[in-house]
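Trainee: The following comprises the amino acid sequence and a computationally predicted model.
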There are 2 protein chains.
Amino acid sequence: MDKINIAEKLALFSDYWNPRVVAELNGQHVKLAKLKGDFVWHKHDHEDELFYVISGELKIEFRDKAVCLKPGEMLAIPKGVEHRPVAEEEVCVMLFEPVSTINTGDAGGELTRTDLDIL
Amino acid sequence: MDKINIAEKLALFSDYWNPRVVAELNGQHVKLAKLKGDFVWHKHDHEDELFYVISGELKIEFRDKAVCLKPGEMLAIPKGVEHRPVAEEEVCVMLFEPVSTINTGDAGGELTRTDLDIL
């Protein structure tokens, strides 16, 4: 039961779209990720997903609108809702979602990450 | 599906030890709370609990040690572990925990809050 320093954990990796797990509780993971560029359109059929921006600006596109998140802002995306994260410059985010959540959801493809590292 | 600005939500209340719900997903609540002073010793028999410090310094006492959290630091407390949050000065925290979680856990008493406001 050690404390988790977000900045220290973020300093341990530099690759994009590859979430790391920093805590697990109640069947949920707390993850950190660095994002840059356009992700793939996808949805999670069984999991709601929360993005909390630590640094940078993250745009999350939906089929009918877009939401821009700055540091200290978060968005909960209900299961089944198609979305695409877009980061013009590097963004650091914290994610809170069920252990079962796969980053690319139903889309699959080369950006899919499983067996995530635990920091 | 609106974004949540943590600072704006925190500006909406000033009372201590009275968490507000800002998001619900996957049976979990994201809560914000302002803390000052000593809370009661308690444990949650069925819920792990996560404290993430937004501002201030939070000490979480355990029966055999204490953990001090600064802004940008978090701690996950497993179910069943007795703890007591202590804030010498005002602390703002974000909590991730199951919807069923009661702030005072098994201890009850006058600091117990149920039917939390949703901001």
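Mentor: Received, thanks.
Trainee: Name the nearest residue to the most centrally placed residue in chain A, sequence neighbours excluded.
Mentor: For chain A, A:Leu95 is the residue whose C-alpha lies nearest the centre (Cα atoms, centre = their mean; 4.7 Å). Nearest residue to A:Leu95 in three dimensions, chain neighbours excluded: A:Lys31, at 4.2 Å (Cβ to Cβ, 6 or more residues apart in numbering or on different chains). For every residue, glycine as well, the C-beta is placed using N, CA and C.
Trainee: Could you pull up the residues touching A:Glu57?
Mentor: A:Cys68, A:Leu69, A:Lys70, A:Ala87, A:Glu88, A:Glu89, A:Val91 (Cβ atoms under 8 Å, 6 or more residues apart in numbering or on different chains).
Trainee: Out of those, which are close to chain B?
Mentor: Contacts with chain B are made by A:Cys68, A:Leu69 out of these, judged by Cβ under 8 Å from any Cβ of the partner chain.
Trainee: Most neighbours among the contacts of A:Glu57, please name it.
Mentor: Within the contacts of A:Glu57, most neighbours by other Cβ atoms under 10 Å in any protein chain shown means A:Val91, with 24 neighbours.
Trainee: Tell me the bridge partners for it.
Mentor: Judged by DSSP bridges, the bridge partners of A:Val91 are A:Leu35.
Trainee: Can you give me the distance of it to B:Ala107?
Mentor: 40 Å (Cβ to Cβ, to the nearest Å).
Trainee: residue boundaries of the helices in chain A?
Mentor: Using DSSP state H, the helices found in chain A span residues A:6-10.
Trainee: Within range of chain B, give me the residues from it.
Mentor: Residues of chain A lying near chain B (Cβ under 8 Å from any Cβ): A:1-7, A:23-26, A:28, A:30, A:47-50, A:62, A:67-69, A:72-78, A:81, A:96-98.
Trainee: buried stuff in stretch A:110-119?
Mentor: A:Leu116 (16 or more other Cβ atoms under 10 Å in any protein chain shown).
Trainee: State the mean pLDDT of that stretch.
Mentor: On average, the pLDDT along stretch A:110-119 is 90.
Trainee: how distant is it from the center of its chain?
Mentor: Its chain's average C-alpha position is 11 Å from that of stretch A:110-119, according to Cα atoms, centre = their mean, to the nearest Å.
Trainee: And for stretch A:73-83?
Mentor: Per Cα atoms, centre = their mean, the centroid offset for stretch A:73-83 relative to its chain is 11 Å.
Trainee: So for that stretch, what gets flagged as buried?
Mentor: A:Glu73, A:Met74, A:Leu75, A:Ala76, A:Ile77, A:Lys79, A:Glu82, A:His83.
Trainee: Same list, those residues, but as TSV with pLDDT please.
Mentor: Below are those laid out as TSV (pLDDT from 0 to 100):
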residue	pLDDT
A:Glu73	98
A:Met74	98
A:Leu75	98
A:Ala76	97
A:Ile77	97
A:Lys79	97
A:Glu82	98
A:His83	97
